[in-house]
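J.: can you look at this prediction? I've put the sequence above it.
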Amino acid sequence: MKNRKALFGFKDLKVEVEGKEVVKGVSLEIAPGEIHAIMGPNGSGKSSLSNALMGHPGYEITSGEAYLSGENLLDMEADERSRAGLFLAFQYPLAIPGVTVANFLRAALKSHRGPDADMTDFRRLLKAEMKSLSIDESFATRYLNDGFSGGEKKRVEILQMSVLNPQVALLDETDSGLDIDALKTVADGINRYHSENNGILLVTHYQRLLNYVKPDYVHVMIGGRLVKSGGPELALKLEESGYDWVAEEVGQKAGV
Amino acid sequence: MSENKPDIHIPEVIPELERGPLWLRELRRTSREAYNSTPIPARGLHLWRYTDPVKFVVDRSGAADTPYGDNYDDVEKVELNNLSEGHLSGLVSDFGGREIRFHGFEKLLADGIVVTTISEALEKYHSIVEEHLYQLVGSRSGKFEAMNGALWNDGIFIYIPDGKSVDKPIHLLREAGLAGSAQFPRTLVVVGRNAGLTLVDEYGGGTTEESAPGSYSNGAVEIFGQADSRTRYIMLQRQTQSTTSYLTHRARIDRGASMFTFALSFGGDTSKQNFGVILNGPGAESKMYGLLFGADYQHFDNHTLHHHAAGQTRSDIDFKVVLRDKALSAYTGLIKIDRQAKACEAYQENRNLLLNKGTRAETIPELEILNEDVMCSHGATIGPIDPMMVFYLQSRGVEYQQAMRMIVSGFVSDTLQQVPGDLQERITGFVNQRLEHL
Ligand SMILES: Nc1ncnc2c1ncn2[C@@H]1O[C@H](COP(=O)(O)OP(=O)(O)OP(=O)(O)O)[C@@H](O)[C@H]1O
Ligand SMILES: [Mg+2]
């Protein structure tokens, strides 16, 4: 087992959406400095898990626990979870008409720093992070995700992560919809953010992101369960052979 | 309870109002008779479907001495400060017409611009007043318009001579009185040919006591924009939530004239407001914006009218409503295009954002278009705040209340962007002050 104390984790977590159980008891621990990847077929519950961890009102956690730096996440509202250090880059980021990227991020950062915090560095910080992610300056005054292309939305999710610098980042298919150059830019952003002290849980369908952002562990989610874990080589095997063999293996184990 | 409240007649003689020229006394009499002989509108009648008319019947005719509210001095201080810092062209404090004070108009007066009481204007500018007063809001406009016509004490008269322009706002502070008081503010504005005016008309004050009787205000505003004039009228309703408020605004603009109307409705208990612009000459253009924030048990009933009486005229309305708690808003927007008024354009949009269950918004677009040669569109939406947007903001650390405020300010931001640059700060300031308490 791990020697170091886990930074983030959940145990026996079950999630219901619209009265249907879509995550059926999953457990995971992430120690500081670790990168974990979850892969799994469409509809296997990856986004449900991520959303529920972030406190999405549509996803009800019916049992289990989740914690971050020793604190119980499940007692917290979404905003408290964020301020406790959790971040989720959404698979489908929503547009917020009338709220500019800059105002949105300023409000977010201010909520993290506290009401009396000095925000004089904000513009510089935002500008620098946007530059690193090759986001045009004009995006600062555009309404958040309003009319953004798929790839632009993903980039702006990573921008938010960079500015807020969370303890743990859940990245739900941040690589989907990105062109090849953008994938590299975003991966660089993730790697810049990553340190010995924080953790990443990324959900992806493809090996290509994992070529840049190297996971320590890869987990497979099927039917609402984390059914298999391994090292980075597992991702390669999945890419090559798909999920059938895992399902079969699990089926055999379960004696089906 | 309201059903058995009697219709209260206005007495024939109210000594303090028996003054002015004969024609004026005649018009007062006609208004009084119209009020007395017009029954309280039936609830089924279309403009009264959402609001009980009995609320506007008061037994305080003549509005005897009523002291003004406690926080008046603070409000006035803010505007006096704006005046001294050069943000205003002048400030008028109006206490139900019984007392009207003018601040900082020396320069304008020297330039030939007239800002005074209607009673003084009756002496110095008699023919202008006689030609315009009661022409747009008079005894035939409705029972409560007639009530103002009978009971207004003194009012504010603004006249911008041809070619002159007042771009920095003249600010009118109309202060509602304390509990049990009734005010009948009246305003007459004439903007000459190729002249310009920016006017902020603020209705504030009123009692903060929650028990009956509250404060009462029934205002009438008449604005005439002569050919090629440019008028900007900003109405700000900030009365206390124990104030019952009625306001009828009518503007008529001639050939080539423009009218910008911005109505900010924040205050009052029950507020019935009616804004209308008559486009009376080719090339006339009216843009009207409404922002309404309702909370607690506030009840708003707004009407807008764009009446295209001449061809080649253009009108646009964007009326936005945000409600929380148990607040209610009914919006009725009428676009009227006369038979001979060809080649007009008229647009109207009403969007309503509901912050919680228990609020209620109604939207009633009305079109009376009597010719085919027009471009016209109207749209309305009523919807709750998107909980997914709230969650998105919360997931970045922003607290629930602030997330709501941000979404609301996003909802109104495109409307605020239509505000001319020099008024941006002021109007956005009014909105932000209100949002802080949302
Ligand atoms: N808001 C929702 N309403 C109804 N059903 C939902 C909702 N969200 C998720 N589900 C259902 O829950 C199951 C898991 O969906 P989820 O989005 O978690 O899958 P996923 O693993 O993220 O899939 P993908 O790889 O396609 O993103 C699916 O059957 C999905 O239809
Ligand atoms: Mg998903």
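T.: Arrived safely. Residues are numbered from 1 along each chain as shown, chains lettered A, B, ... in the order given. Ligands and ions are numbered 1, 2, ... in the order given.

J.: so where's the stretch 1-150 of chain A shaky on pLDDT?
T.: A:1-4 (pLDDT under 70).

J.: for it, what spans make up the helices?
T.: Along the stretch 1-150 of chain A, the stretches classed as helices by DSSP state H, counting those that start in this stretch are A:46-54, A:78-84, A:101-113, A:122-132, A:150-164.

J.: got the ones you listed as JSON lines, with distance to residue A:192 and mean neighbour count columns?
T.: From N, CA and C alone the C-beta is placed, and that goes for glycine too. Output for the helices of the stretch 1-150 of chain A, formatted as JSON lines (distance: least, C-beta to C-beta, whole Å; neighbours: other C-beta atoms under 10 Å in any protein chain shown):
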{"stretch": "helix A:46-54", "distance to residue A:192": "22", "mean neighbour count": "25"}
{"stretch": "helix A:78-84", "distance to residue A:192": "20", "mean neighbour count": "22"}
{"stretch": "helix A:101-113", "distance to residue A:192": "17", "mean neighbour count": "20"}
{"stretch": "helix A:122-132", "distance to residue A:192": "7", "mean neighbour count": "16"}
{"stretch": "helix A:150-164", "distance to residue A:192": "7", "mean neighbour count": "22"}
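
J.: among these, which is nearest residue B:153?
T.: helix A:101-113 (46.5 Å; C-beta to C-beta).

J.: hey, C-alpha coordinates of the closest one in CSV?
T.: Listed in CSV are the C-alpha atoms of helix A:101-113, where the atom choice follows Å, rounded to 0.1, in the frame of the first residue of the first chain:
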residue,chain,number,x,y,z
VAL,A,101,-14.1,35.3,-18.4
ALA,A,102,-12.1,38.0,-16.5
ASN,A,103,-15.0,38.9,-14.1
PHE,A,104,-15.8,35.2,-13.6
LEU,A,105,-12.2,34.4,-12.8
ARG,A,106,-11.7,37.4,-10.6
ALA,A,107,-14.8,36.5,-8.5
ALA,A,108,-13.6,32.9,-8.3
LEU,A,109,-10.0,33.8,-7.2
LYS,A,110,-11.3,36.4,-4.8
SER,A,111,-13.6,33.8,-3.2
HIS,A,112,-10.5,31.6,-2.7
ARG,A,113,-8.3,34.3,-1.3
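
J.: give me the contact list for that helix.
T.: A:79, A:82-83, A:96, A:117, A:119, A:122-123, A:125-126, A:139-144, A:156, A:159-160, A:163-164, B:393, B:396-399, B:402, B:406 (C-beta atoms under 8 Å, 6 or more residues apart in numbering or on different chains).

J.: related to what we said a few turns ago, need the helices of the stretch 1-150 of chain A in JSON lines with distance to residue B:316, can you?
T.: Shown next, in JSON lines, are these (distance: least, C-beta to C-beta, whole Å):
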{"stretch": "helix A:46-54", "distance to residue B:316": "41"}
{"stretch": "helix A:78-84", "distance to residue B:316": "39"}
{"stretch": "helix A:101-113", "distance to residue B:316": "27"}
{"stretch": "helix A:122-132", "distance to residue B:316": "35"}
{"stretch": "helix A:150-164", "distance to residue B:316": "32"}
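
J.: in JSON lines: these, plus distance to ligand 1.
T.: Compiled in JSON lines, these are given as follows (distance: least, C-beta to the nearest ligand atom, whole Å):
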{"stretch": "helix A:46-54", "distance to ligand 1": "3"}
{"stretch": "helix A:78-84", "distance to ligand 1": "16"}
{"stretch": "helix A:101-113", "distance to ligand 1": "23"}
{"stretch": "helix A:122-132", "distance to ligand 1": "27"}
{"stretch": "helix A:150-164", "distance to ligand 1": "14"}
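
J.: nearest to ligand 2, out of those helices?
T.: Ligand 2 lies closest to helix A:46-54 among these, at 3.1 Å (C-beta to the ion).

J.: helices and strands around that closest one, which ones?
T.: The helices and strands touching helix A:46-54, judged by 3 or more C-beta pairs under 8 Å, 6 or more residues apart in numbering or on different chains; DSSP states H and E, are strand A:8-17, strand A:20-30, strand A:59-68, helix A:78-84, strand A:86-89, strand A:168-172, strand A:199-203.

J.: what about that helix, near ligand 2?
T.: Yes - against ligand 2, helix A:46-54 shows contacts by C-beta under 5 Å from the ion at A:46, A:47.

J.: check contacts around residue A:134.
T.: So residue A:134 contacts A:155, A:182, A:185 (C-beta under 8 Å, 6+ apart).

J.: is residue A:209 in a helix, a strand, or coil?
T.: helix (DSSP: H, G, I helix; E, B strand; the rest coil).

J.: run a quick neighbour tally on it.
T.: 24 (other C-beta atoms under 10 Å in any protein chain shown).

J.: correct me, but it touches residue A:175?
T.: Yes - when contacts are counted by C-beta atoms under 8 Å, residue A:209 is listed as touching residue A:175 (3.9 Å).

J.: okay, and the common contacts of those two?
T.: With C-beta under 8 Å, 6+ apart as the test, residue A:209 and residue A:175 both reach A:183, A:187.

J.: measure the residue with the largest distance to the centre of chain B to residue A:197 for me?
T.: In chain B, the residue that sits farthest from the middle, by C-alpha atoms, centre = their mean, is residue B:395; the gap is 40.2 Å. Residue B:395 is 21 Å from residue A:197, where distance means C-beta to C-beta, to the nearest Å.

J.: ok, of the contacts of residue A:134, which one's closest to residue B:382?
T.: residue A:155 (34.7 Å).

J.: contacts only, for the closest one.
T.: Residue A:155 neighbours (C-beta under 8 Å, 6+ apart): A:133, A:134, A:135, A:178, A:182, A:185, A:186.

J.: most neighbours of all the residues you listed, which one?
T.: residue A:186 (26 neighbours).

J.: pretty sure that one contacts residue A:154?
T.: Yes - taking C-beta under 8 Å as the definition, residue A:186 is a contact partner of residue A:154 at 6.5 Å.

J.: who touches both of these two?
T.: With C-beta under 8 Å, 6+ apart as the test, residue A:186 and residue A:154 both reach A:174, A:175, A:178.

J.: so can I have TSV of those showing distance to chain B?
T.: What follows is the shared contacts of residue A:186 and residue A:154, written out as TSV (distance: C-beta to the nearest C-beta, whole Å):
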residue	distance to chain B
A:174	15
A:175	20
A:178	20
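
J.: okay, and which of the residues you listed map to strands?
T.: Among the shared contacts of residue A:186 and residue A:154, DSSP state E puts none in strands.
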